[in-house]
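A.B. asks: let's see this in three dimensions:
(4 chains)
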There are 4 protein chains.
Amino acid sequence: MAFSKKIDPFLKINNDTGFGTNASNYGGRFINRDGTFNLRKEGMPFLKRYSIYHSMLTLPRWKFIALILAFYLFINLVYTVLYLLVGVDQLQGVLATTNWGKFKEAYFFSTETFTTVGYGRVNPIGDGANFVASIEAMTGFLSFALATGLMFGRFARPRAYLVFSDHALVSPFKEGTALMFRFASYKDKHTLTDVEIRVNIGLQVQKDDGTGAEYRYYDLALERTKVESLPMNWTVVHPIDDKSPLQGFGYEDMQVADVEIYVLIRGFDDVYSNLVQQRTSYTYHEIKYNRKFIPMYRESDNGNTTILELHKVNEYEAI
Amino acid sequence: MAFSKKIDPFLKINNDTGFGTNASNYGGRFINRDGTFNLRKEGMPFLKRYSIYHSMLTLPRWKFIALILAFYLFINLVYTVLYLLVGVDQLQGVLATTNWGKFKEAYFFSTETFTTVGYGRVNPIGDGANFVASIEAMTGFLSFALATGLMFGRFARPRAYLVFSDHALVSPFKEGTALMFRFASYKDKHTLTDVEIRVNIGLQVQKDDGTGAEYRYYDLALERTKVESLPMNWTVVHPIDDKSPLQGFGYEDMQVADVEIYVLIRGFDDVYSNLVQQRTSYTYHEIKYNRKFIPMYRESDNGNTTILELHKVNEYEAI
Amino acid sequence: MAFSKKIDPFLKINNDTGFGTNASNYGGRFINRDGTFNLRKEGMPFLKRYSIYHSMLTLPRWKFIALILAFYLFINLVYTVLYLLVGVDQLQGVLATTNWGKFKEAYFFSTETFTTVGYGRVNPIGDGANFVASIEAMTGFLSFALATGLMFGRFARPRAYLVFSDHALVSPFKEGTALMFRFASYKDKHTLTDVEIRVNIGLQVQKDDGTGAEYRYYDLALERTKVESLPMNWTVVHPIDDKSPLQGFGYEDMQVADVEIYVLIRGFDDVYSNLVQQRTSYTYHEIKYNRKFIPMYRESDNGNTTILELHKVNEYEAI
Amino acid sequence: MAFSKKIDPFLKINNDTGFGTNASNYGGRFINRDGTFNLRKEGMPFLKRYSIYHSMLTLPRWKFIALILAFYLFINLVYTVLYLLVGVDQLQGVLATTNWGKFKEAYFFSTETFTTVGYGRVNPIGDGANFVASIEAMTGFLSFALATGLMFGRFARPRAYLVFSDHALVSPFKEGTALMFRFASYKDKHTLTDVEIRVNIGLQVQKDDGTGAEYRYYDLALERTKVESLPMNWTVVHPIDDKSPLQGFGYEDMQVADVEIYVLIRGFDDVYSNLVQQRTSYTYHEIKYNRKFIPMYRESDNGNTTILELHKVNEYEAI
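C.D. replies: Numbers count the residues shown, from 1 in each chain, chains lettered A, B, ... in the order given. The predicted structure is shown next:
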């Protein structure tokens, strides 16, 4: 196994990233492009590990709606079966005479009860049906209550709406080069305040005693680590100078060292009045040499406002 | 194009405002008086950029109510059409005989279902009507659930309730002058704690190499940048001394330099138990020379309390 | 008017309290015992100043319930009048024949509609009654939605549950004396973390130029300004030494100087996972000389736990 | 009573823990393993001390559901009694003729009203029944509203999901030994950011004047007090060196000194976008000598991800 170039041994290693150094125990990238960690947990019951709240809040909208619909169909089927078990004759006002017709009447009686509409043409007269209906109405109300909470939670969950460039570029900067990537908040009206960025790099290097590989982590020094507000895009710049662990690295060196760059952005969103953060990472595949970004904003035609061109976030040119 | 007075080149430029320096790409003021950014985003689908949550939370109250009413009328019309499509004969108990009468009965049956009132005089007997009704009742309940969330969100959204003076004044201060503006929290019971203020200035100046204009940003040093609580008004004071980028500026200089002053206030609101912030800005149009504010509080008649006179927030006198 | 003792002119004045120094414009104490500010605002429409959210969240529970009941009775009366105006004959199923009877039937029909119960014995057949009922059901649902939000808001609003001693004491401390008061969190399970305290004093003193009185504010140095957690009570100690503005003050001096001591406690409550804060103040009336607090906790009888005796928070003894 | 070894008198005592030093007033451990404080409060009415919000939010799920069911059964019984008191003859449509039958009809009428289903077969005609029903429908709606809030609150309450090793170990570390324990976040998707840890120790020692025992508190210096993110487990390491209060302590010394180690972890959870914290403690019973933890993560079989093995959090081996 080849190892990466030697890194200046006097560079300060960051041991506080929370990632481990033992190369043989780790698999793949640490952080996915979407900011989630590439990690699986096991050894606890699924239900204890599983975060329903997180799932319900992050499901795509159409899946969330489909889930609610499916639940609605399913729970009514369950109650329909219960009404059939206690006997349709305990439901007054049923007009159907066939089994299939009775099933349908029971099903729609169930939906009327679950949603608390209760037209009343069909209504329970026997103890069994009355009891099932009383429980169903309660669970119906509570289900919608839960749905209320989840829908509100989905709306109100503070989160950052950042779009990142797909690639990080090694571009000319002052007399040398710099690693750059950029991002912007894509939601209208969501402007972050006091935005901070932290960028780490993880590399696989030969151990000092030569016995194998280990991961090392360094902070990447940035031209700017904080902006007071983020109305437009921010191009993050790490100058590749004497103090950079990337000094002298070419694409092949990055590949050999299995380079991964970890990005964490955090700021105050005044719509949520809350701190929000977003992560992403760039592996060596996503780093391009000798490119530079092209501007992504312009003056409006009437000269009265500035326009941020989000579709250009990943536009760069060769140099 | 004329340029503003030369600014002391040793003054520390603030490059971390998040605003760009390229004068030719920008249009108009950066921040509107109401604190929003004068910026448009494009290049992403509207629905991705659009923040429903933000809109619903910041709509004026009457518009929010009108929207709910309009939605209610509209969704019931949609369902009415569906009932008419499956046939009014599937609705038992309809008394009307004319088409218009049947339409109205279907419409009111729809409202009874959507709100889950379900009187039951009119009730579905056919499969089609039953199915539509079961879906309508569910969507009705969920719609109100959503409305619940939004109404609560509107109530509970932490925000600052600050009223700013319309103008910033250049007033006498100690031996020289100072730029001043003032503000107060206008909501009863909402007193901010640990209030911080940050004031930047943006000016258009000639580039050092003389090739055109660029924007530069400076912090404005303040007599006081923090108060422990804000029960009353706060007059923010920037002394125009040797260290001020406004040193020696007259109104015409401000105009030429297209001066804009950015204000950010932040504090802890203990009703929301949350940090809140509010922005505003003053352009050179909104700066008055040789004026000073008049006091805006007085002792109550019985001497037992202090009265803050909010209507005086913008009252000043010539000097 | 007599003035207080001269205060050491080298003591650092705190100009950042947010309170003003102009004695003639202020009335009474600044902060009430319950932590609210003794201040009135005027000059803006009541509805703009009034914080419904704050009121609904801080109303005593019984008033909140009474308000909901009153609203329920009132809104149903309004709708009853509307039904009577469009004509009770538009309500099918009414059994009553007298006017009073019809009024009652209309009223109960209204409650059935507002709560979306909709039994259906009485049900609307005319356009007018149908229209009013469709609006009522919607407003009913929305009203309960609003109530949901408010009830949840009341529950979930982060706040500190601190009980303070009624008096501050001047007690022996080391070789001299100290001003002391104490407090504790009285809610079971609500233990604050990283609790900070800030204590200021406001005094009315003669202006340096001798032309009258002004308010001055000082920080009171504390033996301890932070504890890591607050499971029990905390006795706050301000040593009255050379650096204290209270050095050499007797009760009469306090009275003359109209002394008021401002207290702000802030900590992280892990039930709410939120910062909470509470204020109080002590005026010179509430300061006792030559007293000391008696302990307010003990070991449980079985020796396995510690008991905090909240009723003793204000118990002190003469010395 | 025996006392513990003398502790280096120059070690800095931490007086800001919030715990008291008076040994005779305290009983048992201060913090339970689950992070709650071992403390009881008295001297205030139960209802004032009791935090319903906390209870409802922290009840085990099955108890919460059982409570809702029990409340539902109970409240309907109450209303049933009211209907029986005003007379079942005020309920139209009752089919039953026996007392027990009437009771059941009244009960199910009550459930229909409380849940706002309102089928309408049975419906109130007398003033009394109408009045009770109108109140019941309102309280029903409000009860479900409250349930909504509580269910949402249970879901949305920010909290840390940390699992700690059952024991703290005294393991070899560099040239000496160190006290170690470890923990991990066990919920999928809940990765903490900027995690901080604080570890204190409490010991019972002889007073300097030899008159008895007192508690003393020290901070335990850690190899690392902060990690930037916590995707995996964190082994917390306190080197037992010259600056450690545990220097030279054997198990018996710990026992004599009644050692308790207080742990507080805090971090930012980006699902909740909120700070969360969790406490625990280790008493001397839970400290093992000459053991070391075994690794608790491995590479996945396909080499593409890392697996955290939560069941191993307490696995250690003798050395």
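
A.B. asks: just confirm A:D16 is within a helix.
C.D. replies: No: the assignment for A:D16 is coil, going by DSSP: H, G, I helix; E, B strand; the rest coil, so no helix is present there.

A.B. asks: quick check, it in contact with D:E228.
C.D. replies: Yes: applying Cβ atoms under 8 Å as the test, A:D16 and D:E228 come out as touching, 5.8 Å apart. No exception for glycine: its C-beta is placed from N, CA and C like everyone else's.

A.B. asks: of these two, who's got more company?
C.D. replies: D:E228 (20 against 17; other Cβ atoms under 10 Å in any protein chain shown).

A.B. asks: ok, for that one, nearest residue in space, not its chain neighbours?
C.D. replies: With Cβ to Cβ, 6 or more residues apart in numbering or on different chains as the criterion, D:E228 has its nearest non-adjacent residue at 5.1 Å, and that residue is A:T17.

A.B. asks: which bits of the stretch 101-250 of chain A sit near chain C?
C.D. replies: A:T116, A:G118, A:Y119, A:G120, A:T148 (Cβ under 8 Å from any Cβ of the partner chain).

A.B. asks: is the last one in contact with B:A147, as I believe?
C.D. replies: No: here A:T148 does not reach B:A147: they are 9.4 Å apart, not a contact under Cβ under 8 Å.

A.B. asks: helices of chain A, start to end?
C.D. replies: When assigned using DSSP state H, the helices of chain A occupy the ranges A:46-49, A:52-58, A:61-86, A:99-114, A:127-156, A:251-257.

A.B. asks: can I get the ones you listed in JSON lines including mean neighbour count?
C.D. replies: Listed next are the helices of chain A as JSON lines, based on neighbours: other Cβ atoms under 10 Å in any protein chain shown:
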{"stretch": "helix A:46-49", "mean neighbour count": "12"}
{"stretch": "helix A:52-58", "mean neighbour count": "17"}
{"stretch": "helix A:61-86", "mean neighbour count": "15"}
{"stretch": "helix A:99-114", "mean neighbour count": "22"}
{"stretch": "helix A:127-156", "mean neighbour count": "22"}
{"stretch": "helix A:251-257", "mean neighbour count": "18"}
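
A.B. asks: rebuild those as CSV, extending it with mean pLDDT and distance to B:T193.
C.D. replies: Supplementary listing: the helices of chain A in CSV, determined by pLDDT from 0 to 100; distance: least, Cβ to Cβ, whole Å:
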stretch, mean pLDDT, distance to B:T193
helix A:46-49, 87, 40
helix A:52-58, 88, 31
helix A:61-86, 96, 38
helix A:99-114, 95, 47
helix A:127-156, 91, 24
helix A:251-257, 89, 49
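
A.B. asks: closest one to A:M232 among the ones you listed?
C.D. replies: helix A:127-156 (26.1 Å; Cβ to Cβ).

A.B. asks: relative to helix D:61-86, how tilted is the closest one?
C.D. replies: 130 degrees (axes from the mean of the first three to the mean of the last three Cα atoms, to 10 degrees).

A.B. asks: is helix A:127-156 anywhere near chain B?
C.D. replies: Yes: in terms of Cβ under 8 Å from any Cβ, part of helix A:127-156 sits within range of chain B, namely A:F144, A:A145, A:A147, A:T148, A:M151, A:F152, A:F155, A:A156.

A.B. asks: what about A:E105, distance to A:L82?
C.D. replies: If you measure A:E105 against A:L82 using Cβ to Cβ, to the nearest Å, the figure is 14 Å.

A.B. asks: what does A:F37 give?
C.D. replies: If you go by Cβ to Cβ, the gap between A:F37 and A:L82 works out to 44 Å.

A.B. asks: what do you get for A:G35?
C.D. replies: The gap separating A:G35 from A:L82 is 45 Å, by Cβ to Cβ.

A.B. asks: again with A:G120
C.D. replies: Computed with Cβ to Cβ, the distance linking A:G120 and A:L82 is 20 Å.

A.B. asks: how about A:L192?
C.D. replies: 52 Å.

A.B. asks: got the angle for the top strand by length along chain A vs strand D:192-206?
C.D. replies: Secondary structure of chain A per DSSP state E: the longest strand is strand A:192-206. Compare the direction of strand A:192-206 with that of strand D:192-206 by the same axes, to 10 degrees and you get 80 degrees.

A.B. asks: circling back: to A:I287, which of the helices of chain A lies closest?
C.D. replies: Nearest to A:I287, of all the helices of chain A, is helix A:251-257, at 6.3 Å by Cβ to Cβ.

A.B. asks: what residues does the stretch 101-250 of chain A have near chain D?
C.D. replies: By the rule Cβ under 8 Å from any Cβ, the part of the stretch 101-250 of chain A lying against chain D is A:112-113, A:116-120, A:123-125, A:127, A:130-131, A:133-134, A:137-138, A:140-142, A:145-146, A:148-150, A:152-153, A:157-159, A:198, A:200.

A.B. asks: which one is A:G18 nearest to, not counting chain neighbours?
C.D. replies: For A:G18, the closest residue by Cβ to Cβ, 6+ apart turns out to be D:V227, at 3.9 Å.

A.B. asks: OK, contacts around the closest residue to A:S55 other than its chain neighbours?
C.D. replies: The shortest distance from A:S55 to any non-neighbouring residue, by Cβ to Cβ, 6+ apart, is to D:K189 (8.0 Å). Neighbour list for D:K189: A:T36, A:S51, A:H54, A:S55, D:V271 [criterion: Cβ atoms under 8 Å, 6 or more residues apart in numbering or on different chains].

A.B. asks: now, among the residues you listed, which is nearest to chain B?
C.D. replies: When the contacts of D:K189 are ranked by distance to chain B (Cβ to the nearest Cβ), D:V271 comes first, at 17.3 Å.

A.B. asks: hang on, the earlier thing: list the neighbouring strands of the longest strand of chain A plus their orientation.
C.D. replies: According to DSSP bridges, the neighbouring strands of strand A:192-206, each with its direction, are strand A:213-219 (antiparallel), strand A:226-230 (antiparallel), strand A:260-269 (antiparallel).

A.B. asks: TSV for those, including mean pLDDT?
C.D. replies: Compiled in TSV, the strands paired with strand A:192-206 are given as follows (pLDDT from 0 to 100):
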stretch	mean pLDDT
strand A:213-219	88
strand A:226-230	92
strand A:260-269	94
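
A.B. asks: how about those strands in TSV, adding distance to C:E175?
C.D. replies: As requested, the strands paired with strand A:192-206 are arranged in TSV below (distance: least, Cβ to Cβ, whole Å):
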stretch	distance to C:E175
strand A:213-219	51
strand A:226-230	48
strand A:260-269	48
